[in-house]
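Asks: sequence and predicted structure, then a few things I'm wondering about:
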Amino acid sequence: MNAPHERLGACPSRLRFDRLLARELSEKETHEVELHAQSCLRCGPLLLEQRRGYEAFAPELPALLVQRVQAREARARTGKYWFAPALAAAAALVVWLARPHDAPLATRSKGSPQLSFYVLHDGVVRPGVDGERVRPGDALRFAYSSSRDAYLAIVSIDGARVASAYYAEQGERAAKIAAGSRALLDQSTVLDETLGPEVIYGLLCSEPIPLAPVLRALERRPDTPPDVTGCTLDRYTLLKVSR
Amino acid sequence: MKRAVSLAEIEVAYRAHGHHVLRRATLILGNESDAREVLQEVFLSLVDHPEQFAAQSALSTWLYSATVHRCLNRLRDERNRARLLVAQSEVWPLPGQAASPEHVALLREQLVRLPIELAQVAVYQLADEMSQDEIAEAMGCSRRQVRKLLERLEQALTAQRVRA
């Protein structure tokens, strides 16, 4: 008993179309499926229909799902936890492909940004951009890209000129990270009630730099980015507005 | 150790795959309300038991399998069966909604009567037109086993047609 497409010869399955739309196929496989759909009177409309449905799908996470993940994250925060490589890879790919490539997410001292972030607001997660409007209670989740093992620190200076470390080893020094592409950090930061502009700096360093001098310098000169030897810098400005 | 799936990870997975889970569930169950419940259940299952998806197949394939399994269980549940079968008859076929709606429409009641593994293989092959390799990956079995299941399916469907 053969599937209809096996009898026909080369028509891809609906699963194949879904994998194409989810960007799970290789470049060669994608080309083959699209080439087939262009010339097949049966598959062309089917793929078009699936593509339209895919594009129209509103990806708002159900509230119950958000609550369940948050509850598990909260429990996991007390212990060591890790991530599914395939999910992380899929996440990185989807976010990268979904992002306008010519729209910089952050300003960087040199080269393209190495730090990116997501905002969780009212149960909905969105990729963050420079100039993002956020609200007290929103949670930020960061991801980094680095071609080598390195040390990462994320610090901020808020509207009240208070400097904070968002990501650091025991709050004291840049934390060691493994080489990765859009690798998600295993913690998130819930924004406090301080309104106004907040600037976030990501420092990717060759050494585990101490953060106390960086935080002190930021509070003394809030408009001056940290200048630390051996570190490259990404900068995001957020505007925190009332709920 | 059990690994945790983060909110950011589940969000991007939902964005990439939510639509095809919903489409698949709507195809099998025949109404979007039940299909949305299945969509939520499938992703909750991924959050609660991420070890189920051991990255041995593509996430799409795992989600296909999980979706079909949950939909069939829902169809076979006595409490839902009558309601869903009526709902399907009202909804089917939607133009462009399904790959082969006529196949699934014919299978509607047969899916309930078939042993679960035959019902699964019926959906994979007749509705999704998956190859034997794809079915084997989705069901976590060999291609030889898939061929045996397809033979059993053909016999079962023939027997049902004779009885009808």
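Replies: Looks like it arrived, so ask away. Numbers count the residues shown, from 1 in each chain, chains lettered A, B, ... in the order given.
Asks: and the end-to-end length of stretch A:13-26?
Replies: Start and end residues of stretch A:13-26 are separated by 16 Å (CA to CA, to the nearest Å).
Asks: nope, stretch A:174-188 is what I was after
Replies: By CA to CA, one end of stretch A:174-188 lies 16 Å from the other end.
Asks: and chain B, is it touching that?
Replies: Yes - counting by CB under 8 Å from any CB of the partner chain, chain B has neighbours in stretch A:174-188: A:184, A:186, A:188. C-beta here means a position set from N, CA and C on the backbone, and glycine is covered the same way.
Asks: what segments of the chain are helices?
Replies: All of this is about chain A. Along chain A, counting by DSSP state H, helices occupy A:4-8, A:14-21, A:27-39, A:43-56, A:63-76, A:85-98, A:212-220.
Asks: should've been chain B
Replies: Remark: helices assigned in chain B by DSSP H are B:7-29, B:32-48, B:59-76, B:78-91, B:101-113, B:116-122, B:132-139, B:143-163.
Asks: how about the closest residue to residue A:238 other than its chain neighbours, what does it touch?
Replies: Excluding the flanking residues, the one nearest residue A:238 by CB to CB, 6 or more residues apart in numbering or on different chains is residue A:198, at 4.7 Å. Neighbouring residues of residue A:198 by CB atoms under 8 Å, 6 or more residues apart in numbering or on different chains: A:156, A:157, A:158, A:159, A:191, A:237, A:238, A:239, A:240.
Asks: enumerate every residue touching the residue lying closest to residue A:20 once chain neighbours are set aside.
Replies: Spatially, and ignoring its direct neighbours in sequence, residue A:20 is nearest to residue A:33 (5.1 Å; CB to CB, 6+ apart). By CB under 8 Å, 6+ apart, the contact list for residue A:33 reads A:12, A:16, A:17, A:20, A:25, A:47.
Asks: that older thread, using JSON lines, lay out the helices of chain A together with mean pLDDT and distance to residue A:138.
Replies: Output for the helices of chain A, formatted as JSON lines (pLDDT from 0 to 100; distance: least, CB to CB, whole Å):
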{"stretch": "helix A:4-8", "mean pLDDT": "41", "distance to residue A:138": "47"}
{"stretch": "helix A:14-21", "mean pLDDT": "90", "distance to residue A:138": "30"}
{"stretch": "helix A:27-39", "mean pLDDT": "92", "distance to residue A:138": "36"}
{"stretch": "helix A:43-56", "mean pLDDT": "88", "distance to residue A:138": "27"}
{"stretch": "helix A:63-76", "mean pLDDT": "74", "distance to residue A:138": "13"}
{"stretch": "helix A:85-98", "mean pLDDT": "40", "distance to residue A:138": "18"}
{"stretch": "helix A:212-220", "mean pLDDT": "89", "distance to residue A:138": "21"}
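Asks: look at the closest residue to residue B:111 other than its chain neighbours and say how many residues are nearby.
Replies: Using CB to CB, 6+ apart and skipping the chain neighbours, the partner closest in space to residue B:111 is residue B:119 (4.7 Å). Residue B:119 has 25 neighbours, counted by other CB atoms under 10 Å in any protein chain shown.
Asks: return the distance of residue B:119 relative to chain A.
Replies: According to CB to the nearest CB, to the nearest Å, residue B:119 stands 15 Å off from chain A.
Asks: who are the neighbours in contact with that residue?
Replies: Shown in contact with residue B:119 (CB under 8 Å, 6+ apart): B:72, B:111, B:112.
Asks: sorry, back to before: any idea which of the helices of chain B is most buried?
Replies: Among the helices of chain B, helix B:7-29 has the highest mean neighbour count (mean count of other CB atoms under 10 Å in any protein chain shown), at a mean of 25.
Asks: tell me if it is near chain A.
Replies: Yes - contact check for helix B:7-29 against chain A, using CB under 8 Å from any CB: residues in range are B:7-20, B:22-23.
Asks: list the contacts for residue B:146?
Replies: Contacts of residue B:146 (CB under 8 Å, 6+ apart): B:121, B:132, B:135, B:136, B:139.
Asks: cool, residue B:121 as well?
Replies: The contact partners of residue B:121, by CB under 8 Å, 6+ apart, come to B:135, B:139, B:146, B:149, B:150, B:153.
Asks: about what we covered before: need the pLDDT of the residue nearest to residue A:238.
Replies: Residue A:198 carries a pLDDT value of 90.
Asks: over to the one 3 residues further on?
Replies: The model reports residue A:201 with a pLDDT of 93.
Asks: so how far is chain B from it?
Replies: 21 Å.
Asks: returning to that earlier point: farthest pair in the contacts of residue B:121?
Replies: Using CB to CB, the contacts of residue B:121 span at most 12.6 Å, a distance reached by B:139 and B:153.
Asks: what is the nearest of the residues of stretch A:174-188 next to chain B to chain B?
Replies: For the residues of stretch A:174-188 next to chain B, the minimum distance to chain B (CB to the nearest CB) is 5.5 Å, reached by residue A:184.
Asks: measure the closest one to residue B:110 for me?
Replies: 44 Å (CB to CB, to the nearest Å).
Asks: repeat for residue A:15
Replies: 22 Å.
Asks: one more: residue B:29?
Replies: To residue B:110, residue B:29 is 15 Å away according to CB to CB.
Asks: show me what contacts residue A:230?
Replies: A:205, A:206, A:207, A:209.
Asks: repeat that for residue A:192.
Replies: A:136, A:158.
Asks: need the pLDDT of it.
Replies: Looking at residue A:192, its pLDDT reads 82.
Asks: got phi/psi on it?
Replies: Dihedral pair for residue A:192: phi -90, psi -170, per degrees, to the nearest 10.
Asks: repeat that for residue A:40.
Replies: The phi/psi pair for residue A:40 (degrees, to the nearest 10) is phi -110, psi 120.
Asks: wait, isn't it in contact with residue A:11?
Replies: Yes - Residue A:40 is within contact range of residue A:11, at 6.3 Å (criterion: CB atoms under 8 Å).
Asks: tell me which of those two has more neighbours.
Replies: Between residue A:40 and residue A:11, residue A:11 has the larger neighbour count (other CB under 10 Å), namely 20 against 16.
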